[in-house]
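Engineer: Could you work out the structure for the sequence below:
(2 chains)
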Amino acid sequence: MIDKSLPGQEGKSAGDPLIRITGLSTVLNGKTIFDNISLTIPRGKITAVMGPSGTGKTTLMRHITGQLAPDAGEIVVDGASVTKLDRAALFELRERIGYLFQNSALLTDFTVFENVAFPLRQHLKLPEELVRDIVLTKLQAVGLRGAAELMPSELSGGMVRRVALARAIVRDPMLIIYDEPFVGLDPVALNQILKVIRLLNETLGVTSILVAHELAAVRRAADQIYLIAGGKIVAQGGPEELARGDTPWTKQFFSGEADGPVPFQYPAPDYATQLGLAGNKP
Amino acid sequence: MNAVRKEPSRFMMGIAQIGACGIFLLQILRAIPASLRHIGETARQVWFVGAMSLVIIMTCGLFVGMVLGLQLYYVLSIFGGTAALGTVVSLSLYRELGPVVTALLFAGRAGTSITAEIGLMRATDQLDAMEMMAVDPLAFVVAPRFIAGIIAMPILACVFNVMGIFGAHLVGVSWLGLDNGTFWSNMTSSVDVWKDVINGLWKSLAFGVVCALIATFQGYTTAPTSEGVAYATTRTVVFSSIATLAIDFVMTAFLM
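Structural biologist: All right, here's what the predicted structure looks like:
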């Protein structure tokens, strides 16, 4: 259900994708990140975005949330063209988006409880008892209700990610972006977080974008996958379809081989030349 | 196109920085109404940059006053004018030393901590996280620290002046034997509240604006690396000190 209208919104129905990206091109520091890519994120589904490190997955999320403007192309989120929104309208849109940052980005001067309560206290005039109940519910979902009064500096890396996840979902947003949610999680925590992601999707119809490298986890959670490499979308489809690996891209990426179209080495001059061995034959 | 792009000179980059700082000031002013929602945060920052700076301000004020007392007693004794010690010390403190030294100490103590705190928030994506939660970091983080700096500076300057006069009294009266009544009566008869005390407070208010602006600007625009934060804190001290002394000259010329 769409509860608010934003400037630039067009007519939309439940069948419309929540996010439509058309002709997106981005060049950062002289490097082409995206070269005229188009994709759609369906409503109420979990879409995974995968690809080699440095391929622009987080940049794509920054485009979707209006943190970074693309060089060309259009990004429409829930009917609103993100690049055309003013700051107030962008903030209005972001109130309906939960974002789990790659490095968690918890507020270090606040306790775990205060971090999770932060979006509620800033935007909703709820009684403190209700805030407390909501926060404890979310912390219970990520298994950290007992850590509510701890400071972020007292938590392990995996616990910090779980707190950040609780903060991202605390307002039950229409869209949740998980940027590397499984990093640093032990198998038990990973399993529980997967359940939370699926539960939010199934019970509340939340649309989710999952940026992750863990194929096994992604296969269990995602409805569809986009594989990005070299500035293009090189494969897309259901998890099982992509895992079968019919194309050279999927075959190499999902089997983790060094040789193939996905480069392991960052572009560099010839190795032997750089070591001064070129032409020195024994 | 093979046109060679010339790197902007350091002078031009400096001008661009001043321009960016001016725009940043306008953004802060625009964010102040929204920051009033976070009045508790502003109060916390007044405590942090003001009350937590009291020890260094009081200690330095005491010693500056004691040094002034000693030096001026020596100089005045050459002309047989030691009775004017209270007057000269208090005028020096109210008109110049109080506001200026307080601003320099503020830049070193509170300014650097503001820069480092905001800079680290930038480096750890906390400011971006606020933006993503639709919370304006200018209203929640920057404006409270800016307002706190403006509130704290004149109060700290007053405390510095009081401690300075106490230090001069300690040396001049208690140690060197100057008459207590002469010290106070000459001072009260020569110091004009509006011309000397209030003008000094105007100065410290201006220094508060400039030092708080530089500290928040450097933190907010720092490169998100540990080296970037280190450079930003250094720049806060350097730029605040230069700006304080330059503005002091201009204001002195106009307020004389």
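Engineer: going forward, measure contacts between C-alpha atoms and count neighbours the same way
Structural biologist: Will do.
Engineer: Next, count neighbours for residue A:107.
Structural biologist: Counted with other Cα atoms under 10 Å in any protein chain shown, residues neighbouring residue A:107 total 22.
Engineer: doesn't residue A:115 make contact with it?
Structural biologist: Yes - under the criterion of Cα atoms under 8 Å, residue A:107 makes contact with residue A:115 at 6.3 Å.
Engineer: Stretch B:109-119 - what's its average pLDDT?
Structural biologist: Taken as a whole, stretch B:109-119 has a mean pLDDT of 96.
Engineer: What residues of it count as buried?
Structural biologist: For stretch B:109-119, the buried set under the neighbour-count rule, 16 or more other Cα atoms under 10 Å in any protein chain shown, comprises B:109, B:110, B:111, B:112, B:113, B:114, B:115, B:116, B:117, B:118, B:119.
Engineer: Next: stretch A:205-224.
Structural biologist: Of the residues in stretch A:205-224, A:205-213, A:215, A:218-219, A:221-224 count as buried by neighbour count, 16+ other Cα under 10 Å.
Engineer: try stretch B:205-215
Structural biologist: So stretch B:205-215, judged by 16+ other Cα under 10 Å, has buried residues B:205, B:206, B:207, B:208, B:209, B:210, B:211, B:212, B:213, B:214, B:215.
Engineer: Could you measure from residue B:219 over to chain A?
Structural biologist: 16 Å (Cα to the nearest Cα, to the nearest Å).
Engineer: Who are the packing partners of the one helix or strand that residue maps to?
Structural biologist: For residue B:219, the element it lies in under DSSP states H and E is helix B:199-220. Where contact means 3 or more Cα pairs under 8 Å, 6 or more residues apart in numbering or on different chains; DSSP states H and E, helix B:199-220 is packed against helix B:10-35, helix B:98-106, helix B:112-123, helix B:143-169, helix B:226-255.
Engineer: average pLDDT for the fourth one?
Structural biologist: When the per-residue pLDDT values of helix B:143-169 are averaged, the result is 96.
Engineer: so residue A:109 sits right up against residue A:153, yeah?
Structural biologist: No - if you go by Cα under 8 Å, residue A:109 and residue A:153 don't touch, sitting 9.2 Å apart.
Engineer: Run through the strands of the stretch 1-150 of chain A in chain order.
Structural biologist: With DSSP state E, counting those that start in this stretch, the ranges of strands along the stretch 1-150 of chain A come out as A:17-28, A:31-42, A:46-50, A:72-77, A:80-81, A:97-100.
Engineer: Can you lay out those as TSV showing mean neighbour count and mean pLDDT?
Structural biologist: Shown next, in TSV, are the strands of the stretch 1-150 of chain A (neighbours: other Cα atoms under 10 Å in any protein chain shown; pLDDT from 0 to 100):
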stretch	mean neighbour count	mean pLDDT
strand A:17-28	19	93
strand A:31-42	18	92
strand A:46-50	26	93
strand A:72-77	20	94
strand A:80-81	22	92
strand A:97-100	26	93
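Engineer: Please name whichever of those is nearest to chain B.
Structural biologist: Chain B lies closest to strand A:97-100 among the strands of the stretch 1-150 of chain A, at 7.0 Å (Cα to the nearest Cα).
Engineer: Partner strands of the closest one, with direction?
Structural biologist: Note on strand A:97-100: by DSSP bridges, its sheet partners are strand A:175-179 (parallel).
Engineer: can you give me the angle the strand it pairs with makes with strand A:17-28?
Structural biologist: Here the directions of strand A:175-179 and strand A:17-28 differ by 40 degrees (axes from the mean of the first three to the mean of the last three Cα atoms, to 10 degrees).
Engineer: what helices or strands is the next helix or strand after strand A:175-179 leaning on?
Structural biologist: Counting by DSSP H and E, the next helix or strand C-terminal to strand A:175-179 is helix A:187-204. Identification of packing neighbours for helix A:187-204 by 3+ Cα pairs under 8 Å, 6+ apart yields helix A:215-221.
Engineer: which one of the buried residues of stretch B:109-119 is nearest residue A:94?
Structural biologist: Nearest to residue A:94, judged by Cα to Cα, of the buried residues of stretch B:109-119 is residue B:118 at 22.5 Å.
Engineer: distance of that closest one from chain A?
Structural biologist: 11 Å.
Engineer: how about the nearest residue to that residue, chain neighbours excluded?
Structural biologist: residue B:219 (4.8 Å; Cα to Cα, 6 or more residues apart in numbering or on different chains).
Engineer: Provide a list of residues in contact with that neighbour.
Structural biologist: B:114, B:115, B:116, B:117, B:118, B:119, B:120, B:122, B:229, B:232, B:233 (Cα atoms under 8 Å, 6 or more residues apart in numbering or on different chains).
Engineer: Which residue comes closest to residue 102 once chain neighbours are left out?
Structural biologist: Since you didn't name a chain, this refers to chain A. Nearest to residue A:102 is residue A:179, by Cα to Cα, 6+ apart, at 5.0 Å.
Engineer: my question was about chain B
Structural biologist: Distance criterion Cα to Cα, 6+ apart; nearest residue to residue B:102, sequence neighbours excluded, is residue B:157 at 5.6 Å.
Engineer: Show me what the lowest-mean-pLDDT helix or strand in chain A is packed up against.
Structural biologist: Using mean pLDDT, DSSP states H and E, helix A:248-255 stands out as the lowest-scoring helix or strand of chain A, at a mean of 78. Here helix A:248-255 touches strand A:232-237, helix A:239-244, going by 3+ Cα pairs under 8 Å, 6+ apart.
Engineer: how about 6 Å then?
Structural biologist: Using 3 or more Cα pairs under 6 Å, 6 or more residues apart in numbering or on different chains; DSSP states H and E as the contact test, no helix or strand touches helix A:248-255.
Engineer: Which SSE is immediately downstream of it?
Structural biologist: Counting by DSSP H and E, what follows helix A:248-255 is helix A:271-274.
Engineer: Contacts for that following helix next, please.
Structural biologist: Helix A:271-274 is contacted by residues residue A:278 when judged by Cα atoms under 6 Å, 6 or more residues apart in numbering or on different chains.
Engineer: Just the CA atoms of it, as CSV, please.
Structural biologist: Coordinates of each C-alpha in helix A:271-274 appear next as CSV, following Å, rounded to 0.1, in the frame of the first residue of the first chain:
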residue,chain,number,x,y,z
TYR,A,271,53.6,-8.3,-14.2
ALA,A,272,57.0,-9.2,-15.6
THR,A,273,57.7,-5.7,-16.9
GLN,A,274,56.8,-4.2,-13.5
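Engineer: for the record, mean pLDDT for that helix?
Structural biologist: On average, helix A:271-274 scores 86.
Engineer: Could you report the neighbour count for the residue nearest to residue B:102?
Structural biologist: 29.
Engineer: So which residues on the stretch 101-250 of chain A come close to chain B?
Structural biologist: Within the stretch 101-250 of chain A, the positions near chain B by Cα under 6 Å from any Cα of the partner chain are A:105, A:107.
Engineer: For the residue of the stretch 101-250 of chain A found nearest chain B, which residues are in contact?
Structural biologist: Residue of the stretch 101-250 of chain A nearest chain B, by Cα to the nearest Cα: residue A:105 (5.0 Å). Shown in contact with residue A:105 (Cα under 6 Å, 6+ apart): B:124, B:125, B:126.
Engineer: Output these in TSV; the columns should cover distance to residue A:275.
Structural biologist: Shown next, in TSV, are the contacts of residue A:105 (distance: Cα to Cα, whole Å):
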residue	distance to residue A:275
B:124	37
B:125	38
B:126	42
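Engineer: Which one of these is nearest to residue A:38?
Structural biologist: When the contacts of residue A:105 are ranked by distance to residue A:38 (Cα to Cα), residue B:125 comes first, at 28.0 Å.
Engineer: who's in contact with residue 152?
Structural biologist: As the question left the chain open, I've gone with chain A. Contacts of residue A:152 (Cα under 6 Å, 6+ apart): residue A:108.
Engineer: wrong one, I was asking about chain B
Structural biologist: residue B:50.
Engineer: Give me the below-cutoff pLDDT ranges for the chain.
Structural biologist: Chain wasn't specified; assuming chain A. Residue ranges of chain A with pLDDT under 70: A:1-15, A:279-282.
Engineer: Switch to chain B, please.
Structural biologist: Along chain B, the model assigns pLDDT under 70 to residues B:1-6.
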